[in-house]
Every structure is written in structure tokens, then in C-alpha cells.
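# Quick one: sequence and predicted model below, then my questions.
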Amino acid sequence: MKALARSLFENNDVLFVARSLLGKTLWLQTETGLRAGIITETEAYAAQNDRACHAANGRRTARNEVMYGEAGRAYVYRCYGIHLLLNVVTAAVGKPEAVLIRALRPLGIEHNASVASGPGKLTKYLGISPQHNGIDLCDSPLWLSEGEEVPDEAVVFTPRIGVAYAGRDALLPYRCYIRGEKSVSRPLFPKYPLHI
DNA sequence: ACACAGATACTCT
DNA sequence: GAGTATCTGTGTC
């Protein structure tokens, strides 16, 4: 399946890209085989002004360096010491935005809808490793292709998960998922601690 | 159906 | 040293 063109990721509206990735197919070819899934849940992280973003206030470190680079590359980082999380870098070079891929409907083993129903679970399902950090999703064994059309009526927007530390930005509706999907990590609207 | 704790390692102060 | 874009198992209603 043909990889998506970089032009989609170069868009400077990260929420638009997050929504556009719903229904796309994510693939990873490893030594143990080819795995794929339909993206059913994403989150947008919007550069310097977004306090939930790793690049908030222009923070630039070894960890988040790829966010400042070319769109269409993978930003993989370790969370809670245990889980690897996969993002797609978006926007122009120097504008550190990314879309977190939060859930997949696995292809080939549809009976197990929950095997990739969360950002840490999907990287384990696909076989993502820290070495995938920075690789080009437009030309590598980790890539995106077309999948299913997702009409606007099927897209639900909610605040993002696990970013209460971001104050008012924790309330931004930057999470999107496909209504009715069994693989979504938290289909119902979550409870949010509201400290602004 | 929640609610909680524990795991675990890396990043940044 | 503190915090973390999470997941699982166990306990309670």
C-alpha cells in the first residue's frame, strides 16, 4: 500500500491533521512480520503555546528534537518508564507540532478489538521500538496509507487524556476519535480534574 | 461499574 | 529528586 504524501503532514493546522488521520492505515514491517491497523483515535499537540505539548514554551531538548524537524517523521518516546508512544510530526520545520496516535482497530485480528486500544498498547501491538524515533513515515518500514473514509458526523472531539498538568489547555478539544469504535481507549467522555 | 496502586526508566530541574 | 501524553491487576460497590 502506497505511503501517504508528506504534504498532508506539512499542514500547519495540527488538529486538521489529527482528524484527517482517522481512518488511515498504519503499517509496520518487522523481522517478525507485517502488522497494520486502522487509526481510530488521535490527539493534536500544538507547538509552543500548548502547555500540554512537549515543546511548550519553546522547550527544545534531546527528547523532543524531532518535533522541530521535518513533517512526516515519527516521534517515539517512553512514557511512565514502560510504554512507548508514537506521534506523527506535523507542520513546517521549526514549528514543533505532532499528532499522537492513540488507538488502532487491528487488521487481521479484528476479533481482538482491544489489542491496540491505547497509545501504549498500539506500539506494543505493532512492534515499535525506541529506534523508530525520527524515522520517515513517508519512506520506511513504518508508514501510513489510505484506509476508510470517515465522515464528519462520525468524528467525536473531546479534551485530551492524561494532560491535567496543562491547566486551561487540558480542556482544549484536541482529541478525536471515530464514534462507535470498539478500539477507542475511552469511548465515553472522561472525568477531568478542573484546575485552571 | 469504578477506584486505586504498582510497575518502571528516562527526562529535566 | 520529581514527574510522567499508561496499563494491568486487584479490591470494593
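Sure thing, it's come through.

# Could you confirm A:Arg168 falls within a helix?
Yes. Using DSSP: H, G, I helix; E, B strand; the rest coil, the assignment for A:Arg168 is a helix.

# and the gap between it and A:Pro159?
Distance from A:Arg168 to A:Pro159, counting by C-beta to C-beta, to the nearest Å: 11 Å. Every residue, glycine included, has its C-beta placed from N, CA and C.

# Within range of DNA strand C, give me the residues from chain A.
Taking C-beta under 7 Å from any atom of the strand as the contact definition, chain A meets DNA strand C at A:43, A:45, A:52-54, A:75, A:79-83, A:85, A:87, A:98, A:100, A:118-122, A:160-163, A:165, A:185.

# ok so, going back, which one's more surrounded, A:Arg168 and A:Pro159?
For A:Arg168 and A:Pro159, the more surrounded residue by other C-beta atoms under 10 Å is A:Pro159, and the numbers stand at 19 against 10.

# any idea what sits nearest the more buried one, other than its immediate chain neighbours?
Counting by C-beta to C-beta, 6 or more residues apart in numbering, A:Leu171 is the residue found nearest to A:Pro159 once chain neighbours are left out, at 5.3 Å.

# State the phi and psi torsions of the one you found.
Per-residue torsions, A:Leu171: phi -90, psi -10 (degrees, to the nearest 10).

# Make sure it is actually in contact with A:Phe157.
No. Counting by C-beta atoms under 8 Å, A:Leu171 stays clear of A:Phe157, with 11.8 Å between them.

# For the helix or strand containing A:Leu85, which strands pair with it and how are they oriented?
Assessed by DSSP states H and E, A:Leu85 sits inside strand A:83-90. Strand pairing for strand A:83-90, determined by DSSP bridges: strand A:74-79 (antiparallel), strand A:97-106 (antiparallel).

# just the ones you listed: most buried one?
Ranked by mean neighbour count, the strands paired with strand A:83-90 are led by strand A:97-106 with a mean of 26 (mean count of other C-beta atoms under 10 Å).
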